[in-house]
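> Let me see the structure of the following:
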Amino acid sequence: MKNQNIVLSSSGLEALQARYALRVAARLNEASRELPHDISERLKAARENALERARLARRQEATASDFQIASGGSASLLLGSRGGSSPGWWMKLVALIPVAALVGGFLLIERLHLKSQIEAAAEIDAALLADDVPPAAYSDPGFVEFLKAPRD
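Below you'll find the predicted structure:
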């Protein structure tokens, strides 16, 4: 038998899980009918305890999410939001600070790069003008051959 990789969509996977859960529940229900009375009572108490814990956990999650939604998130809670749905003008201003820093950094980098290019060009121009050879000689093909030739 060959190994076959089966890819299921999320709805197909959910349907498969639901069928499996129903089969397991049916089997457990059948087996629970054969249990002694004291064990079935302990299981019933444990099941009720677990359901109560689940209800409390859902309530706490709902309360926590309602609090976070009402307070506008943890950042606005720390900054003193009064629970309004829209952030204040100062919050929008604070959000612009990183953008302004980024734009300022880019402008500074561009200026430094341009300055280094200008300094390099000025250095080359100064070397050409201070040299004994006239600048027109550098464009002459014979001069390039003279530079390539070995010196004695």
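> Grab the nearest non-local neighbour of Leu35.
Leu43 (7.4 Å; Cβ to Cβ, 6 or more residues apart in numbering). Placement of C-beta: from N, CA and C, glycine included.
> That neighbour: helix or strand, and which one exactly?
If you go by DSSP states H and E, Leu43 is part of helix 37-71.
> who's in contact with Leu51?
By Cβ atoms under 8 Å, 6 or more residues apart in numbering, the contact set of Leu51 is empty.
> So which residue is smack in the middle of the chain?
Central residue of the chain (Cα atoms, centre = their mean): Pro98, 17.1 Å from the mean position.
> and that residue, what pLDDT?
With respect to pLDDT, Pro98 scores 93.
> State the distance from it to Gly104.
11 Å (Cβ to Cβ, to the nearest Å).
> swap in Ile124?
Using Cβ to Cβ, Ile124 is found at 31 Å from Gly104.
> Any idea how far the helix holding Leu43 is from the middle of the chain?
How far helix 37-71 lies from its chain's middle: 33 Å, per Cα atoms, centre = their mean, to the nearest Å.
> what does stretch 21-37 give?
46 Å.
> contact partners of that stretch?
Contacts of stretch 21-37 (Cβ under 8 Å, 6+ apart): 40, 43.
> In CSV, list the C-alpha atoms belonging to that stretch.
Extracted C-alpha coordinates of stretch 21-37, given in CSV (Å, rounded to 0.1, in the frame of the first residue of the first chain):
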residue,chain,number,x,y,z
ALA,A,21,-16.4,13.3,18.1
LEU,A,22,-19.9,11.8,17.6
ARG,A,23,-18.5,8.3,17.3
VAL,A,24,-16.4,8.7,20.5
ALA,A,25,-19.4,10.2,22.4
ALA,A,26,-21.7,7.4,21.3
ARG,A,27,-19.2,4.8,22.4
LEU,A,28,-18.7,6.5,25.8
ASN,A,29,-22.5,6.7,26.3
GLU,A,30,-22.8,3.0,25.6
ALA,A,31,-20.0,2.2,28.0
SER,A,32,-21.4,4.5,30.7
ARG,A,33,-24.6,2.4,30.9
GLU,A,34,-22.5,-0.6,32.1
LEU,A,35,-20.7,1.3,34.9
PRO,A,36,-21.6,0.8,38.5
HIS,A,37,-23.8,3.5,40.2
